[in-house]
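Undergrad: Have a look at this fold, sequence not included:
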């Protein structure tokens, strides 16, 4: 209570100096980014177990976006797009090693986020924001790519996925950082029990978030917190208290723990009296990983296929905006949104302009969020260096279709288990650039019923879509691809801080090679 | 306001005479039964267009049942089960013409609800209820089977589906009744425009409901209203004011009109001051008809297949209970429920016992609804004369699998469009009675991942399920099948009241035959 009373005069000062109404200063920004969580994993999006009461409540108090997308069906490019506001093909988070391949940042990757890219936390500094990332970075693990080199003030988490355990000989275990230095490694200092699925990492990430929020509230500086947790990415994990509590098995346990944590974070904002000054956005980096389902993967509801694909299941994301007193409670916005919009929208809420020296793909969603407006814009579905599909309004046109190769599929890797749409979920890359496959996502969200090429509807819609695609392609200047080269020498052998822990390992001789991206 | 004040002393009298608290008299009963609406058609169950604000609000104010089932994946048997509390194989709503065939009541059907069956409205008379059915009856169209012969006091609607238009020569148009007499025929006096999808029937059914509720409220007698509308059954229709308003096309227009109507019905209960004395239950007769999707069929969310099948998409139904002041708001019950439970639960709420001279399959859900209890019970999935599957807890065991025949499938009739689970969605009837196919519906609601026959889990679960199935089969005494014989002479040629309208037609000579049921 004392804290809240002390805060009041300062807030008023802020409001007065900004010339606005009470508490009208730039809001804190809190992005809750899930890992491989699917559109269908939330009760509010129809998961039958209805085990996300806190997220459902967040939607009831905020705004739900059923038409929100990622910029890429894989983690690294999606995250690079979120933080730069730019398509991966522009910011370099793609590969040209082969056509239309998903690429990311495993330990062998040489590249990372280019120094020329401007990230959200860098730009927010101009408005006095203090920024922290908690969880998975995934924009390059070599020191020059680290969060604190790209605008973040604090980091607790890891540069790569929590794969492992490794032997620290052929492959080092993944480090966990606090700020600039590693403080341990997964499976050594930060345990994940692959047999039971137990790990207390989400609890640690929760505590980090609560501590940071509380510290920033006391400091009266606006903050940007990027909470990029990864319990729902295989190997899926949950804390002991949540293990076995879900109807859905281990994956559901992880979702329940995250839901519980988000409830606690929102509650802390309310308890600290800053909920009306904190813009919170919940979403995920890509569709549920159906290859890991049902024990280690989530649900994309009734959408087609999953992670790795440019069907709706691969790229449509659960999304909720929450900002009590600013966002009307219980609304649904059919605005087409994209993770890249979080970049532009965050800048807008902070009173800043996006960079004008480069193409920004994210749009400012604040008119949609605050005034219920609908902004006409296309959604482009990329896989690596190829624009596979585009959505305009309720229509989606596929210019290329591919699930995965026959070779991979015959090995049991199935991105569309139980689903098969003839000529659509193809196992060879099929080009449709001359005559795109068209679907109406309103009456056919599952992309099952092709609109006839000879129909009036097809002609009319393609006349709208074609010029937009043509313009997009003509004006596209791809960035330098960062995900082409792999080298075992760049793995996390001796991360900064390893010497203090006695955890430095000897790297092998450098042997850079083209990375192999099968999908 | 005057009405409410006048009502108060009477209500108190009722409460005192019943020895309970204020307004504790037997509640009005309102069953809102949808036709071919799927689990996934409601916003609250994840339909991406989120176009059911009134139903979602009903759930927010009431109790949602994500695990609610029908007794049969086709309309007539489902409805017979709801009104008798008994499986169709007991009440006669099945066929023995072929194995595991869905059968219903087309115009040619000779049979109907047997006189020996006791229907809910008949029993409710003992507690002073006035009962009305609005919409589709479907328990036999010959006069002896009519609603007013089976306990209903009023009827507005039709005995059969609104198929047509017919020529009144080979086939008569379907009559619409008020009480005991026909008042017109579909496509003649009650128009349905198959080209535009326009029909104002839902508005008529809404007005009938509002009028009845208002009349009953004034008469101070408890009522049972069975609102069995059919706009979402192909040919799908909507009123002019709703046409073209949905993102989902005509089917969505129909859903929007129904949602709007239900909002108005609940509002009228509130305005009349009887919402706290009216138990309302919303559900559907079977899964969405995916053969008619996307323009004339709905969505079963992420469940497998649709209407006609015993997969989850065929038999899991949207379900909401609403009773302000009695049912806690915003709760989700994972109770396994069935339309047959509406029979037993309604009797219980009316203070009546179910008949003791026959097997009743429906259970009293009031402990689940009013006290949040979970009652352990199996769900049996029947198709015609065969128990195809059983659910116990989160597990479902298939004893027989079949989608439809190769012959039908090759003609383009697909009950599982875009879905194919090898060995599960079979096109021949596959027997698994020795080694049932087992699924965990919590982590695998889509019935995609077979539990290994050799696993400990399989052994353990089947040890629970097998004795329940054995007992069920051993004690099953099938009723006389009513859906075996068809005869063109029994069609709606000259329904009661036709002479007043000059709408009597000449029946052909009687020629009874075994009905052909392809699925």
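TA: On my side now, so go ahead. Everything quoted here is computed from the prediction, not taken from an experiment.
Undergrad: near chain B, anything from stretch A:418-434?
TA: Yes - Stretch A:418-434 is in contact with chain B by CB under 8 Å from any CB of the partner chain, via A:418, A:419, A:420, A:421. (C-beta placed from N, C-alpha, C; glycine too.)
Undergrad: Report how many residues lie close to the third one.
TA: By other CB atoms under 10 Å in any protein chain shown, 13 other residues sit near residue A:420.
Undergrad: now do the last one
TA: Number of residues near residue A:421 (other CB under 10 Å) recorded here: 23.
Undergrad: Please report the distance of residue A:94 from residue A:478.
TA: 8 Å (CB to CB, to the nearest Å).
Undergrad: If you could redo that for residue A:377, that was the one I meant.
TA: 21 Å.
Undergrad: between these two, who's got more neighbours?
TA: Under the neighbour definition other CB under 10 Å, residue A:377 and residue A:478 were set side by side, and residue A:377 has more, 17 against 14.
Undergrad: Touching, that one and residue A:363? I think so.
TA: Yes - when contacts are counted by CB atoms under 8 Å, residue A:377 is listed as touching residue A:363 (5.8 Å).
Undergrad: rewinding a little: between the residues of stretch A:418-434 next to chain B, which is closest to chain B?
TA: Nearest to chain B out of these is residue A:418 (CB to the nearest CB; 4.3 Å).
Undergrad: Please name the residues that touch the closest one.
TA: B:304, B:419, B:420, B:421, B:446, B:448 (CB atoms under 8 Å, 6 or more residues apart in numbering or on different chains).
Undergrad: Please identify which pair of those lies farthest apart.
TA: B:420 and B:446 (11.8 Å; CB to CB).
Undergrad: Helix, strand, or coil at residue A:321?
TA: strand (DSSP: H, G, I helix; E, B strand; the rest coil).
Undergrad: That one: how many residues sit nearby?
TA: If we define neighbours as other CB under 10 Å, then residue A:321 has 28 of them.
Undergrad: before we move on, the earlier item: filter the contacts of residue A:418 down to the ones close to chain A.
TA: B:304, B:419, B:420, B:421, B:446, B:448.
Undergrad: between those, which is nearest chain A?
TA: Lowest distance from chain A to the ones next to chain A among the contacts of residue A:418 (CB to the nearest CB) belongs to residue B:448, with 4.3 Å.
Undergrad: Dihedrals phi and psi, the closest one?
TA: phi -100, psi -30 (degrees, to the nearest 10).
Undergrad: low pLDDT regions in chain A?
TA: A:1-24 (pLDDT under 70).
Undergrad: now the farthest one out in it, which residue is it?
TA: residue A:454 (38.2 Å; CA atoms, centre = their mean).
Undergrad: Residue A:486 versus that residue, what's the distance?
TA: Counting by CB to CB, the gap from residue A:454 to residue A:486 is 47 Å.
Undergrad: go on, residue A:188?
TA: Distance from residue A:188 to residue A:486, by CB to CB: 24 Å.
Undergrad: same deal with residue A:331?
TA: Applying CB to CB to residue A:331 and residue A:486 gives a distance of 46 Å.
Undergrad: Tell me which of these two has more neighbours.
TA: More crowded of residue A:331 and residue A:486, by other CB under 10 Å: residue A:486, with 22 against 16.
Undergrad: give me every residue that touches that one.
TA: A:106, A:108, A:109, A:110, A:512, A:513, A:514, A:515, A:516.
Undergrad: And residue A:493, by the same measure?
TA: A:172, A:504, A:505, A:506, A:507.
Undergrad: Residue A:38 now?
TA: A:284, A:287, A:288, A:298, A:299, A:300, A:301, A:306, A:313, A:318.
Undergrad: The residue lying closest to residue A:301 once chain neighbours are set aside - how many residues pack around it?
TA: Nearest-residue entry for residue A:301: residue A:40, 2.9 Å, with adjacent residues in sequence omitted and distances by CB to CB, 6 or more residues apart in numbering or on different chains. Other residues near residue A:40 come to 24 when the count uses other CB under 10 Å.
Undergrad: my read: residue A:40 touches residue A:299, true?
TA: Yes - Residue A:40 lies in contact with residue A:299 (CB under 8 Å); the separation is 3.6 Å.
Undergrad: Which residues are in contact with each of these two?
TA: Contacts common to residue A:40 and residue A:299, judged by CB under 8 Å, 6+ apart, are A:47, A:288, B:302.
Undergrad: Let's have the residues you listed in CSV, adding secondary structure and distance to residue B:292.
TA: Shown next, in CSV, are those (DSSP: H, G, I helix; E, B strand; the rest coil; distance: CB to CB, whole Å):
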residue, secondary structure, distance to residue B:292
A:47, coil, 26
A:288, coil, 29
B:302, coil, 19
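Undergrad: circling back to that earlier point, which residues are common contacts for residue A:94 and residue A:478?
TA: residue A:385.
Undergrad: sorry, back to before: tell me which entries of the contacts of residue A:38 lie within helices.
TA: residue A:313 (DSSP state H).
Undergrad: Where do the strands of the stretch 51-200 of chain A begin and end?
TA: With DSSP state E, counting those that start in this stretch as the criterion, the stretch 51-200 of chain A has strands at A:63-64, A:68-69, A:130-136, A:154-158, A:175-178, A:181-185.
Undergrad: Kindly apply the preceding question to the stretch 351-500 of chain A instead.
TA: A:379-383, A:386-392, A:395-398, A:400-401, A:430-431, A:437-440, A:485-486.
Undergrad: For residue A:348, pull up the helix or strand it's in.
TA: Of the helices and strands defined by DSSP states H and E, residue A:348 is found in helix A:339-349.
Undergrad: Nearest spatial neighbour of residue A:444, chain-adjacent residues omitted?
TA: residue B:294 (4.5 Å).
Undergrad: hmm, I was thinking of residue A:96
TA: Nearest to residue A:96 is residue A:481, by CB to CB, 6+ apart, at 4.9 Å.
Undergrad: Identify the residues contacting whichever residue of the stretch 151-300 of chain A sits closest to chain B.
TA: Residue nearest to chain B within the stretch 151-300 of chain A: residue A:247 (3.5 Å; CB to the nearest CB). Residues near residue A:247 by CB under 8 Å, 6+ apart: A:49, A:51, B:334, B:394, B:442, B:443.
Undergrad: Enumerate the residues of the stretch 201-350 of chain A near chain B.
TA: Residues of the stretch 201-350 of chain A lying near chain B (CB under 8 Å from any CB): A:246-249, A:251-252, A:293-295, A:299, A:301-302, A:304, A:332, A:334.
Undergrad: any idea which of the residues you listed has the most stuff around it?
TA: These, ranked by neighbours (other CB under 10 Å): first place residue A:299, 35 neighbours.
Undergrad: Surely residue A:114 touches residue A:91?
TA: Yes - proximity of residue A:114 to residue A:91 meets the contact threshold set by CB under 8 Å, at 7.2 Å.
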